[in-house]
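Student: Fold the following, please.
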Amino acid sequence: GNCFGGGGGGGGVWGRGKGFGSALKHYRNESQRRGKLSSQAHEAFEKGNKARAGELSGQAKAVQKEQEQRAHEVAEAYCDENAAAGGSVECDLHGLTLVDAENLVKAVLGAQSKRNRLRCVLVPGKGGHSGPGGPKIKPMLMGEFKSRGITPEELNGGGAYGFELGR
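Tutor: Got it, this is the predicted structure:
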């Protein structure tokens, strides 16, 4: 089954009692919000409004700090749901900033390495929608695999990677 961050959910403490899909959706939304705040801070600075730039930059940094903790919560939710589904759940990295994708990838690999061996699938996409600098998430993912000695199986023409990880 694909789990592309769908699903809703009401109140409560973030990430508690919610499935992986809604946790990932929230993580993605916050990633995009932080990206917008950073862009707005840069624009304000370029226009000479240093006070506004500092304010926006501070907000972006606060979201980033929250995202670092949130990555571990999303990773644990992914590993739980993937284990319950027998290794058939995908973790889609589309729409994340590079920093947030990297934090999530490291958290997933760290969390799964402590669990029973299981197939995992990470979806960086092929990079076709990347900006002028080309794909960023896929090369980061490949570097993480290499540094941990993981040889992934290329899926979907390089848009996704399956691998076995765990004790």
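Student: Centre-most residue in this protein?
Tutor: The chain has Ala101 as the residue nearest its centroid, 3.6 Å off, counting by Cα atoms, centre = their mean.
Student: averaged over its residues, what pLDDT does the host helix or strand of that one have?
Tutor: Here Ala101 sits within helix 98-113, counting by DSSP states H and E. Mean pLDDT, helix 98-113: 95.
Student: mind checking how far the residue nearest to the centre of the chain is from Pro124?
Tutor: 7 Å (Cβ to Cβ, to the nearest Å). For the C-beta atoms, the positions are set from N, CA and C on the backbone; glycine is no exception.
Student: do Asn29 as well
Tutor: 19 Å.
Student: Among these two, which residue is more densely surrounded?
Tutor: Pro124 (24 against 12; other Cβ atoms under 10 Å).
Student: Run through the strands of this protein in chain order.
Tutor: Per DSSP state E, the chain carries strands over the ranges 90-92, 118-123, 153-155, 160-165.
Student: Pipe those strands into TSV and attach mean pLDDT and mean neighbour count per row.
Tutor: Formatted as TSV, the strands of the chain follow (pLDDT from 0 to 100; neighbours: other Cβ atoms under 10 Å):
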stretch	mean pLDDT	mean neighbour count
strand 90-92	95	21
strand 118-123	95	21
strand 153-155	94	12
strand 160-165	94	18
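Student: of all these, which lies closest to Ala44?
Tutor: Smallest distance to Ala44 across those (Cβ to Cβ): 32.0 Å, for strand 90-92.
Student: Confirm for me that Ala160 is in contact with Val123.
Tutor: Yes - between Ala160 and Val123 a contact is recorded at 4.4 Å, counting by Cβ atoms under 8 Å.
Student: got any residues that touch both of those two?
Tutor: Glu90 (Cβ atoms under 8 Å, 6 or more residues apart in numbering).
Student: Residue ranges in the protein under the pLDDT threshold?
Tutor: Across the chain, the ranges flagged by pLDDT under 70 are 1-18.
Student: The longest helix along it: which residues count as buried?
Tutor: Longest helix of the chain, by residue count under DSSP state H: helix 50-84. Residues 53, 56-57, 59-60, 63-64, 67, 70-79, 81-83 are the ones in helix 50-84 that count as buried (16 or more other Cβ atoms under 10 Å).
Student: Which elements pack onto it?
Tutor: Applying 3 or more Cβ pairs under 8 Å, 6 or more residues apart in numbering; DSSP states H and E, one finds that helix 50-84 makes contact with helix 20-46, helix 98-113, strand 118-123.
Student: Before I go, just wanted to say thanks for your time.
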